[in-house]
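1. compute the structure for the input listed below.
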Amino acid sequence: MKTRFLTVGLIAALMVPGVAAAQTRGEVRDSRQDVREEQRELRQAKRYGDRGDVREERRDVRDARQELREDKRDWRQDRRYSNYRAPFKYQSFRVGSTLRSNYYAPAYRPAWDSRWGVPRAGRNLTYVRHYNDLLLVNARNGRVVKVYRNHFNWRR
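-> A predicted model of the protein is given here:
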């Protein structure tokens, strides 16, 4: 009986960080939607309203943009990938380079995240983090398909 409660507690504790990150990403999406709605209302106030309506809608747009900035700042401060260091020296890779298998081992394959601004990896392709660079690598032969230089540098 005690082990069941312990197991349930551990599962719940492990799920909390993932839920928190998803909420932050959802907050940014919702804030962008709020800004668009407020801008639409401002356009309508300019078209059909008086000066008081326009002033009020401008204030609402400003507040929505401020909320979006705060949500983006919270989102960027997510430090899951900020203290990354590989056990080997930095090397600048180019498209067509071939990586040794230890460079694209599963430990250096972060899960794809929509925050990166890159498309999902295709079949037999994987993203590999090499210091601040993000490499798109063919998982079968280790050949670099695309290089995103200093991709993680903006997070500092």
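
2. tell me which element the residue nearest to Ala121 when sequence neighbours are not counted falls in.
-> Spatial nearest neighbour of Ala121, excluding adjacent residues (C-beta to C-beta, 6 or more residues apart in numbering): Tyr127 at 5.6 Å. The C-beta positions use only the backbone N, C-alpha and C, and glycine is treated the same way. Tyr127 belongs to strand 125-130 when assigned by DSSP states H and E.

3. in its sheet, what does that strand sit against?
-> Partners of strand 125-130 in the sheet, by DSSP bridges, are strand 133-138 (antiparallel).

4. buried residues in the strand it pairs with?
-> 133-138 (16 or more other C-beta atoms under 10 Å).

5. which one of those is nearest Ala45?
-> Nearest to Ala45 among the buried residues of strand 133-138 is Leu134, at 43.2 Å by C-beta to C-beta.

6. ok, so of the buried residues of strand 133-138, who is nearest Pro110?
-> Distance to Pro110, by C-beta to C-beta, is smallest for Leu134 among the buried residues of strand 133-138, at 8.5 Å.

7. isn't that closest one up against Asn150?
-> No: taking C-beta atoms under 8 Å as the definition, Leu134 is not a contact partner of Asn150, at 9.2 Å.

8. ok, back up a step: in the strand holding Tyr127, which residues are buried?
-> Neighbour-count burial for strand 125-130 flags 126-130 (criterion: 16+ other C-beta under 10 Å).

9. sounds good, over and out.
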